[in-house]
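S.K.: Fold the following.
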Amino acid sequence: MFKSIFFLSVFCVLTVVAQTQTGTITGKVTDGESGEPMRSATVQVLNTKKGAYSDTKGRFTIKNVPVGEYQVQVRFIGYASQTVPNVIVKSGEATTVNVVLHFDKKNQKQVVVEGRKNSESQDAVLVQRKNATNVSDGVSAEEMKRLPDSDAGQALKRVSGVTVVGDKYVYVRGVSERYNNTTLNGASLTSTEPDKKAFSFDMFPSDLLESANVIKSFTADLPGNFAGGLVQLKTIDFPDGYSVRVGTSFAGSDNLLFSKNSFEGYSGGASDRWAMDDGTRALPSSMPGNRSEMNTLLSSARSYYAGNVTEATKAAAERWESLGKSFNSSVWNKTTPTVAPAGSFSVTASNLYRFEENELGLIASLSYGNTYSLSKTERAGLSSTGDYLMKANGTENNHSVNWNALVNLAFALDRNNTFSFKNVYNQSADDQVITSNATNFAQGRDKMLYGAWYVQRTLQTSQLLGEHTLSGLSNLLVNWRLGYSRSLRDEPDFRRLSFSRSMGTEEQYILDVSTLQQGDGTSAGRFYSHLTETGLSGATDFTLPVDDMKIKFGGLYEQKDRSFSARSFTFIQSRVISRGEVLSDSVLALTPQQIFAADNYGANGLGISEDSKPTDAYNAMERLSAGYAMIDMPVSFLSDNVRFVGGVRVEHNQQNLTSPYSFKTGTNIADSSIVTDLVTTDVLPSINLIYKVNAESNLRVSASQTLTRPTLREFAPFSFYDFQSLSVVRGNPRLNRALIQNYDVRYEYFPARGEVLSANVFYKRFQNAIEETIVPVASEVERSFSNANGIATNYGIELEARKHLAFIDSTLEGLVANVNVAFINSSITVQQGAVSDTRQMWGQSPYTVNVGLYYMVPSWGTTFNLGYNVIGKRIVKVAQQGVFEFSDPHVYELPRDVVDISISQQLLESLDLRLAFRDILNQPLRWQQGGQTVSSEVRGRNMNCSLSYRFK
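M.R.: Residues are numbered from 1 along each chain as shown. Model (predicted):
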């Protein structure tokens, strides 16, 4: 491989040296109506014999053009030919000429134009949106670079009707992430989270993206598993030529940079800097293999302490006493490191190699980021009367590492056949420590709480794609793709501690240690989980042009396999097993590293027990087969300006989940593995009518049916104690898939290049909507998932304006304003035990507002950008009706104004400086219940300074 690349590079260098008096003209031909690339267009260098035809991607290359100034003419039957003047060809260099052709029914008169920007520009995204078959909005690479958006999650919140939770989970049109779907270069991505149908967009750096589009109306060639929106991420494609860009940045938060020794951590592993645990947090190898084996060990040890002394029971007792000592105790060592400004580094290289009729494009990128954050928090819980049960304040300390690699290869065999191989690898980790001082009024205790998480995630995707034009079959276009994706999520050694004392006293804080033989999952303990999800996919699409219409059909197969396991351990007083002495309060009042020293484990000290449940491990799979047919055609009997895009998609899906372990029922061990198998076949029709009011505006009307299926996690009977929400979360194996009817009407006006005015009204009707709900149990709060009763609705209006402001006054030349607003309403009824709850949908915001101002001074090389974002009050936690005495017990996130500013300055021809300030208002993120604040978090202002240099 490396030898091939080496010789390939040498060949290219020798070729350039041998042809020092010639250059190359390269570019792309695009249809001005549809925005799609044009194949087989004729490109001619006037007054020479040099020329070429465009390939399936619309690209062309004319080699060995003598140095000089030329006119380049582009022709295609039925389109007005266009000529680009003043094309300068330099020795050994490639000159790029991009051309848009427009259909002309009356004549084909020649028009002189200038080259267009590439597909990474916001202008190109608007052209694509204008000519799209469905309702869509998007953000380009150009837009992402303007504002301080380091990843896809931050960038997507600029899209109309989109809100982003925690900078990572996307809500579209007020519905939660479970009603959305995500594709990368057309292939579905595996979930990166164990407890959500969600892709964590903060894992994907914006530098790797060409565009991010949100499809809001369904057509038959799209996956049917979405209701709010389909997020389409597209990585950078064929390069124009040789380029290397190197960038570095430094960032920090005012919560940290101006507060000495304020960050709290612990002694981690040597490879934490690479977002990979090196075994420091690993479960000890001496631990029994599962809960059943642990129970057997405890039973034998208890028998020994009860006087049944045999070699087997003695060995069991000795092994049990040693288990606690086998855990790594160094992770209890508290550290307060001096936090330097966070740093990142990236390098992106691209080149285009040409061999006679063939072209090979290569893009490779590598980035690394290392950030620290500190949030000051306040938490509270309310009683049924609205009085405080608990109040706490503390800090959340987070250290994040994220590195990414991208390698994309594209090969053009000829102008009718192209192949590409796209690969993305991401490794990230969040190392978080939460400390708080709390008062539990119900127990009459003051508490000190401590929690430490380390979560590492891996995302790998590989895709092989092909595009072929079969000229012998009426220019039938064939697109195919094969995809592989794998996501891993490891949570090794989540540690939880609670110290308490009598409320309002100066007594010592004593560690709360469970006195239950099998622990309780909430007291001092350690938790481990591992998730692996792999996906395979294959799809083929056929597009047949017939006169002025297109017939499209194809099929898809996807499979996902998931394996999850979790184990929870609780520290207990050994006397519940050994009948020995109690560990004294004087020891339990020490620091964690002293309490959990090896000498304090044994028959008269601390022990370890396992409170894992039989369903804490499961295997799941999903198989999807789909086929579709659709037509894109003018409706001439209505008007030549009306376009009909309609079709039908059939999806056959199977979801299967098995909890593989048997568990005890009564006094017997029964083979009671839980098996859930849901098989559905759905017919999903779609109709889109597009009326071209004039050359600048469209009226769109669409109707469709889509669905959303339960996630493999929502199926899983596995339950766990959520330390942050203080509740148990359990899956529901009896869930059904939801069916959604979608209706859209949009008017959009494109008055000038880079400008748009639009208004969109939408309505959605949900049958069997899936929502989080409360399951009443005797001793604890338990959250689960259920299908809603009856019909749920979601409707609203989206307004957008993007306009150059020079029309107001010439002094505003270079100033662009972008405003989008959405007003949304929803209603859903969910059964909570014997109580029925009618409310707005979980996570739905009644409004979203995004404002952007961009000011460019080309003569100075300066760009100034300001962004503003706010969302309306939304439900973040669903409470149980009837338990609380006040009418609306749900927990709401309150509106929060977010202002970002960035300034970019070109220092040299290839050197750029960028300063960015995020969340400069630093308003607290507040949650309320019953009119009282139950959570407040101050995250701090973030500053970033970056430099980038491009070699050409």
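S.K.: helix, strand or coil for the residue located most distally from the centre of the chain?
M.R.: Residue distances from the centre of the chain (C-alpha atoms, centre = their mean) peak at residue 307, which lies 57.3 Å from the mean C-alpha position. Of the three states, residue 307 takes coil according to DSSP: H, G, I helix; E, B strand; the rest coil.
S.K.: Quick check: it vs residue 572, distance?
M.R.: When C-beta to C-beta, to the nearest Å is the yardstick, residue 307 and residue 572 sit 21 Å from each other. All C-beta atoms are positioned from the backbone trio N, CA, C, and that covers glycine.
S.K.: With residue 480 instead?
M.R.: Relative to residue 572, residue 480 is positioned 58 Å away (C-beta to C-beta).
S.K.: that's a helix at residue 594, yeah?
M.R.: Yes - remark: residue 594 belongs to a helix, assigned using three-state DSSP.
S.K.: distance between stretch 859-879 and the chain's centre?
M.R.: With C-alpha atoms, centre = their mean, to the nearest Å as the basis, stretch 859-879 stands 18 Å off its chain's centre.
S.K.: quick one: average pLDDT of that stretch?
M.R.: Here the mean pLDDT over stretch 859-879 is 88, rounded to a whole number.
S.K.: Show me which residues of that stretch are buried.
M.R.: By neighbour count, with 16 or more other C-beta atoms under 10 Å as the criterion, the buried positions of stretch 859-879 are 863-872, 874-875, 877-879.
S.K.: what does stretch 622-635 give?
M.R.: Neighbour-count burial for stretch 622-635, counted by 16+ other C-beta under 10 Å, picks out 622, 624, 626, 628-634.
S.K.: what ranges of the stretch 201-350 of the chain fall below the confidence cut-off?
M.R.: Residues of the stretch 201-350 of the chain meeting the criterion pLDDT under 70: 201-208, 237-238, 258-261.
S.K.: I misspoke; the intended subject was the stretch 401-550 of the chain.
M.R.: Residues of the stretch 401-550 of the chain that meet the criterion pLDDT under 70 lie in 519, 521.
S.K.: now the strands for it?
M.R.: If you assign secondary structure with DSSP state E, counting those that start in this stretch, the strands in the stretch 401-550 of the chain sit at 417-440, 445-470, 476-502, 510-511, 525-546, 549-573.
S.K.: neighbour count winner among residue 480 and residue 572?
M.R.: Neighbours were counted for residue 480 and for residue 572 using other C-beta atoms under 10 Å; residue 572 has more, 25 against 16.
S.K.: can you give me the helices for this structure?
M.R.: Taking DSSP state H to define them, one finds helices in the chain at 2-18, 122-130, 141-146, 152-156, 254-257, 291-305, 311-326, 575-578, 585-588, 592-595, 712-715.
S.K.: what packs against the fifth one?
M.R.: Helices and strands in packing contact with helix 254-257 are listed as strand 358-382; criterion 3 or more C-beta pairs under 8 Å, 6 or more residues apart in numbering; DSSP states H and E.
S.K.: The strand it packs on - what's its average pLDDT?
M.R.: For strand 358-382, the mean confidence score works out to 90.
S.K.: State the number of residues packed around residue 693.
M.R.: Here the number of neighbours of residue 693 (other C-beta under 10 Å) works out to 12.
S.K.: what does residue 936 give?
M.R.: Summarising burial for residue 936: neighbours were counted as other C-beta under 10 Å, giving 18.
S.K.: Model confidence score at it, please.
M.R.: Here, the pLDDT recorded for residue 936 equals 94.
S.K.: Can you dump the C-alpha atoms of stretch 296-304 in PDB for me?
M.R.: Output of stretch 296-304 as PDB, limited to C-alpha atoms (Å, rounded to 0.1, in the frame of the first residue of the first chain):
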ATOM      1  CA  THR A 296     -22.700 -19.100  44.900                       C
ATOM      2  CA  LEU A 297     -19.500 -17.600  46.300                       C
ATOM      3  CA  LEU A 298     -21.400 -15.600  49.000                       C
ATOM      4  CA  SER A 299     -23.500 -18.700  50.000                       C
ATOM      5  CA  SER A 300     -20.300 -20.800  50.500                       C
ATOM      6  CA  ALA A 301     -18.600 -18.000  52.400                       C
ATOM      7  CA  ARG A 302     -21.700 -17.500  54.600                       C
ATOM      8  CA  SER A 303     -21.700 -21.200  55.300                       C
ATOM      9  CA  TYR A 304     -18.100 -21.100  56.400                       C
END
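S.K.: so residue 838 makes contact with residue 826?
M.R.: No - taking contact to mean C-beta atoms under 8 Å, the distance of 10.9 Å between residue 838 and residue 826 leaves them out of contact.
S.K.: So if I had to pick from these two, which one is more boxed in?
M.R.: residue 826 (23 against 13).
S.K.: Quickly list what the more buried one is bridged to.
M.R.: Under DSSP bridges, the beta-bridge partners of residue 826 are residue 794.
S.K.: can you check residue 741 too?
M.R.: On the basis of DSSP bridges, residue 741 takes part in beta bridges with residue 705, residue 765.
S.K.: Domain ranges for the chain, per the record?
M.R.: Domains of the chain are assigned by automatic domain parsing as 2-112, 122-238, 357-364+387-493+530-558+619-941.
S.K.: What residues does residue 67 make contact with?
M.R.: Contacts for residue 67 (C-beta atoms under 8 Å, 6 or more residues apart in numbering) come out as 21-23, 89-91.
S.K.: buried subset of those?
M.R.: Among the contacts of residue 67, those buried by neighbour count (16+ other C-beta under 10 Å) are 22-23, 89.
S.K.: Can I get these in CSV including pLDDT and distance to residue 172?
M.R.: Output for the buried ones among the contacts of residue 67, formatted as CSV (pLDDT from 0 to 100; distance: C-beta to C-beta, whole Å):
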residue, pLDDT, distance to residue 172
22, 85, 51
23, 87, 46
89, 91, 47
